[in-house]
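S.K.: Dropping the sequence and predicted coords here.
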Amino acid sequence: MEYRCKGFGDEFTEVFKREMGFSRPRCFPRRISASEGLVKRITLHGKLNGHKECVNTVEFNSTGDVLVSGSDDRQVIFWDWAAKSKTFSYPSGHLDNIFQARIMPFTDDRKIVTSSCDGQVRLGLVLENGQVDTRRLGKHQGRVYKLDIEPGSPHIFYSCGEDGVVQHFDLRSNSATKLFYCSSFTELNRQSRNNISLNAIVIDPRNPNYFAVGGSDEYARVYDIRKHQCDSSNNLDGPVNTFCPHHLVGADVHITGLAYSNTSELLVSYNDELIYLFQKNMGMGPTPLSVPPEELQKLEKPQVFLGHRNSQTVKSVSFFGPTDDYVLSGSDCGHIFVWKKKGAKLVRLTAGDQQIVNHLEPHPYMPIFASCGMENSIKLWIPMADGSLPLPDDAEKIMESNRQGREDHSLITLTPDVIMHVLRLQRRQNAAYIERRYDRADIENDEEDEGEAYLLGFSDGEASSEEGFTGNTTECNIS
């Protein structure tokens, strides 16, 4: 029998059912954390200040009591987020912007893996004597936006990079294994290879043998690690399934963010497009170009989440809630969007950054999340409002402006003068990057110095530039 207290929110109903014995004690915390009324009470709890440049990544540890962040200032900071205080920080050893920092589970929060614009994947090991030993684990040719850790493993994680390579890491060994190059489907059966630049990788928590990647084309690809067997000689690209909205097949779009739910649903966020939720039965198989159009039309269409804009940076997307009942995304308009997963109803819209919100990190157990973007601070969001907060009065205007921006962007035509100006700027930026990149002994040879280490002490939050660094890090460059 279903009991509901009329006139009260979902959270009050859950409390009533618990007090009356209609709800099992083990179910109560999960159900109240997922209640729409509680989500509508989420508001800004506070800010964490300590980075000197924009923050690109925030991650909770597996127990949720520690938050770790990485920034363009190349510092890694540990936070006691509940006390809104910094625990310690250390220079990562990266030569450029940190894009992700992750704490390995079951390591007493002493092993941190990071990735960066400089192409490196590094390990920070917190020692007993109050120092941090950092060393490079592997390297990509190009930026490395995302890492993902095998669920529950203190040793194994994966990386993907702009070079199209997926790498496997085991901290018990001293080297990375290149699993394969992700290739364009139009090139899979040809001798010449057209690699896909990868922006996102995510492991299925329900079956860690499977992981998905996304990048510079329209397809989210799912792979089975057992087919590659961590054997560097077997580097052929062979997904077991692919996902793409039917109307985007052949479109000039790319993927910036992926997320798996605990039931193997796959969220895909597209650049200057929308967010789509795929069920397992919506896949196109390993070779989507061979699927006849009439068969594609028979596939169920994914759920669509709209209202935000994802154009200027590489944005993530996340599930939220103990049973993944909500979807989170930042936006170019500086707002945070929270949708109900079922039905894609927008339930919360709030300003999260003066410019752009790039990443939202859900707490592993509580209805709390952290956000970061172009500002130098991290924001904490907690359901602490006195009552349910409505959508802002200008919500429709915000969403319409984002929609119009997408449509106008698709109609932009670049003149030859503009194209040449962009190319000159790109050459200038590449020359400056290469000059400082190859001025370092630790990256002169990719194969000889994988075990090279630095011994670094905790800092008090001051950014510690490496000796000889002459690059300009005052600009936030994560697009």
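M.R.: That came in fine, so what should we check first? Predicted, not measured: the structure shown is a model, and the values here were computed from it.
S.K.: what pairs with the helix or strand hosting Val166, and is each one parallel or antiparallel?
M.R.: Secondary structure assignment for Val166, by DSSP states H and E: strand 165-170. With DSSP bridges as the test, strand 165-170 is paired with strand 156-160 (antiparallel), strand 176-181 (antiparallel).
S.K.: Give me whichever of the ones you listed is most buried.
M.R.: Most buried of the strands paired with strand 165-170, by mean neighbour count (mean count of other CB atoms under 10 Å): strand 156-160, with a mean of 24. Heads up, the C-betas are built off the backbone N, CA and C, glycines and all.
S.K.: re earlier: pull the distance from the strand holding Val166 to the chain's centre.
M.R.: Per CA atoms, centre = their mean, to the nearest Å, the displacement of strand 165-170 from the mean C-alpha position of its chain is 17 Å.
S.K.: Show me the contact partners of it.
M.R.: The contact list for strand 165-170 (CB atoms under 8 Å, 6 or more residues apart in numbering) reads 113, 121, 137-138, 140-141, 155-161, 176-182, 195, 198, 201, 213, 223, 225, 228, 230.
S.K.: model confidence over it, on average?
M.R.: Mean pLDDT, computed over strand 165-170, is 95.
S.K.: Stretch 377-393 too?
M.R.: 94.
S.K.: hey, C-alpha coordinates of it in CSV?
M.R.: Backbone C-alpha positions of stretch 377-393 (Å, rounded to 0.1, in the frame of the first residue of the first chain) are rendered in CSV as follows:
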residue,chain,number,x,y,z
SER,A,377,37.4,28.5,-6.2
ILE,A,378,35.5,25.3,-5.7
LYS,A,379,31.8,25.5,-4.7
LEU,A,380,29.9,23.1,-2.4
TRP,A,381,26.2,22.5,-2.8
ILE,A,382,24.1,21.1,0.0
PRO,A,383,20.2,20.8,0.5
MET,A,384,20.1,23.5,3.3
ALA,A,385,17.4,25.9,2.0
ASP,A,386,14.3,26.4,4.2
GLY,A,387,12.0,25.1,1.5
SER,A,388,12.0,23.9,-2.1
LEU,A,389,13.6,26.5,-4.4
PRO,A,390,11.7,27.2,-7.7
LEU,A,391,13.4,27.6,-11.0
PRO,A,392,14.6,31.2,-11.5
ASP,A,393,12.2,33.6,-13.1
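S.K.: List the buried residues in it.
M.R.: 377-383, 388-389 (16 or more other CB atoms under 10 Å).
S.K.: Met374 contacts Gly352, doesn't it?
M.R.: No. The criterion here is CB atoms under 8 Å, and Met374 misses it with Gly352 at 10.5 Å.
S.K.: Mind checking which of the two has more residues around it?
M.R.: A direct count of neighbours by other CB atoms under 10 Å for Met374 and Gly352 places Gly352 higher, at 23 against 20.
S.K.: Beta-bridge partners for the nearest residue to the more buried one once chain neighbours are set aside, please?
M.R.: Excluding its sequence neighbours, the residue lying closest to Gly352 (CB to CB, 6 or more residues apart in numbering) is Ile336, at 4.0 Å. Beta bridges link Ile336 to Thr350, judged by DSSP bridges.
S.K.: Then Leu123?
M.R.: Going by DSSP bridges, Leu123 forms beta bridges with Val113, Arg135.
S.K.: Would you point out which residue is most central in this structure?
M.R.: Ser316 (4.1 Å; CA atoms, centre = their mean).
S.K.: Helix, strand or coil: sort out the closest residue to that residue other than its chain neighbours for me.
M.R.: Excluding its sequence neighbours, the residue lying closest to Ser316 (CB to CB, 6+ apart) is Gly257, at 4.2 Å. Here Gly257 is recorded as strand under DSSP: H, G, I helix; E, B strand; the rest coil.
S.K.: Make JSON lines from the strands paired with strand 165-170 and add mean pLDDT and distance to Glu128 to it.
M.R.: Shown next, in JSON lines, are these (pLDDT from 0 to 100; distance: least, CB to CB, whole Å):
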{"stretch": "strand 156-160", "mean pLDDT": "96", "distance to Glu128": "24"}
{"stretch": "strand 176-181", "mean pLDDT": "91", "distance to Glu128": "27"}
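S.K.: would CSV of those strands with distance to Pro293 be doable?
M.R.: Putting the strands paired with strand 165-170 into CSV (distance: least, CB to CB, whole Å) gives the following:
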stretch, distance to Pro293
strand 156-160, 30
strand 176-181, 29
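S.K.: Quick one: closest of those strands to Glu273.
M.R.: Nearest to Glu273, of all the strands paired with strand 165-170, is strand 156-160, at 20.3 Å by CB to CB.
S.K.: Check the offset of the closest one from the chain's centre.
M.R.: Taking CA atoms, centre = their mean, one finds strand 156-160 lying 13 Å from the centre of the chain it belongs to.
S.K.: Please name the bridge partners of the residue nearest to Ser316.
M.R.: Ser269.
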